[in-house]
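In: predicted model and sequence follow; I will ask about them next.
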Amino acid sequence: MENEVLKNIKERRSVRRFKQEQLSDEDLRTVLEAGTWAPTGMGTQAPFIVAIQDEAQKTTLSKINAMIMGTKSDPFYGAPTQIYVFAPNDNANNVKDGSLILGTMMLAAHSIGLGSCWINRVDKMVAYPEMQQLMKVWGLPDGLMGVGSLAIGYPDGTPHAPKPRKEGYFRVIK
């Protein structure tokens with residue numbers, strides 16, 4: 001069986017080279033809105049999604065992430081937009097809900113010709129005072145954990161071909 005959704009799932013790849021052209025407002029809104037349609041436990045819609053295009057904030061966030069990673073290179077690969085997902089610490093589904101949101105946004109991005117890459121370490125970034133200050137500027141409540149983030153933009157080049165799927169990846173028990 002094949003359809004557009006399955007095709008997008010199979011074709012989406014992590015993109016690590018981006019054109020410097022900023023996303024159109026329409027493309028960004030499409031991706032963010034798709035994230036809001038991801039399932040959340042008990043339908044709480046508890047996570048928060050924040051898209052950063054401000055150069056100074058992107059630089060600050062990239063430096064924090066790089067410091068945690070132990071490098072000076074940009075962990076966001078120079079992407080014109082960074083997207084962050086946060087969820088309440090006390091929500092039992094915080095990581096699951098936030099991860100579904102990030103995955104949904106990556107598929108939506110691919111479906112409209114954008115590239116994206118999941119960027120780790122947001123869970124550690126939230127401990128930094130600079131990040132806490134930015135979260136207040138963004139109007140986020142206290143008590144949030146960082147689930148993950150995306151580097152997102154127009155791809156510069158073609159991603160590598162997918163690896164073949166391993167044998168025995170899934171099982172059907174009847």
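Out: Received it, and whenever you're ready, just let me know what you need. On a predicted model such as this, the values are computed, not experimentally measured, just so you know.

In: mind listing what W37 touches?
Out: By Cβ atoms under 8 Å, 6 or more residues apart in numbering, the residues touching W37 are T104. Bear in mind the C-beta positions are built from the backbone N, C-alpha and C, glycine included.

In: pLDDT-wise, which helix or strand of the chain ranks last?
Out: For the chain, using mean pLDDT, DSSP states H and E, the weakest element among its helices and strands is helix 4-11, scoring a mean of 94.

In: so after it, what's the next helix or strand?
Out: Helices and strands here follow DSSP states H and E; after helix 4-11, the next one along the chain is helix 25-36.

In: remind me what the helix or strand following that following helix packs against, helices and strands.
Out: Going down the chain from helix 25-36, the next helix or strand is strand 48-52, by DSSP H and E. Contacts defined by 3 or more Cβ pairs under 8 Å, 6 or more residues apart in numbering; DSSP states H and E place strand 48-52 against helix 25-36, strand 81-88.

In: okay, strand 48-52 in CSV with CA atoms only?
Out: Extracted as CSV, the C-alpha positions of strand 48-52 are listed here (Å, rounded to 0.1, in the frame of the first residue of the first chain):
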residue,chain,number,x,y,z
PHE,A,48,4.6,24.5,24.2
ILE,A,49,6.2,25.1,20.7
VAL,A,50,8.5,28.0,20.2
ALA,A,51,10.0,29.0,16.8
ILE,A,52,13.1,31.2,16.9
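
In: centre of the chain to it, how far?
Out: 9 Å (Cα atoms, centre = their mean, to the nearest Å).

In: with stretch 56-63 instead?
Out: The chain centre lies 16 Å from the centre of stretch 56-63; the measure is Cα atoms, centre = their mean.

In: then stretch 29-48?
Out: On Cα atoms, centre = their mean, the centre of stretch 29-48 falls 13 Å from that of its chain.
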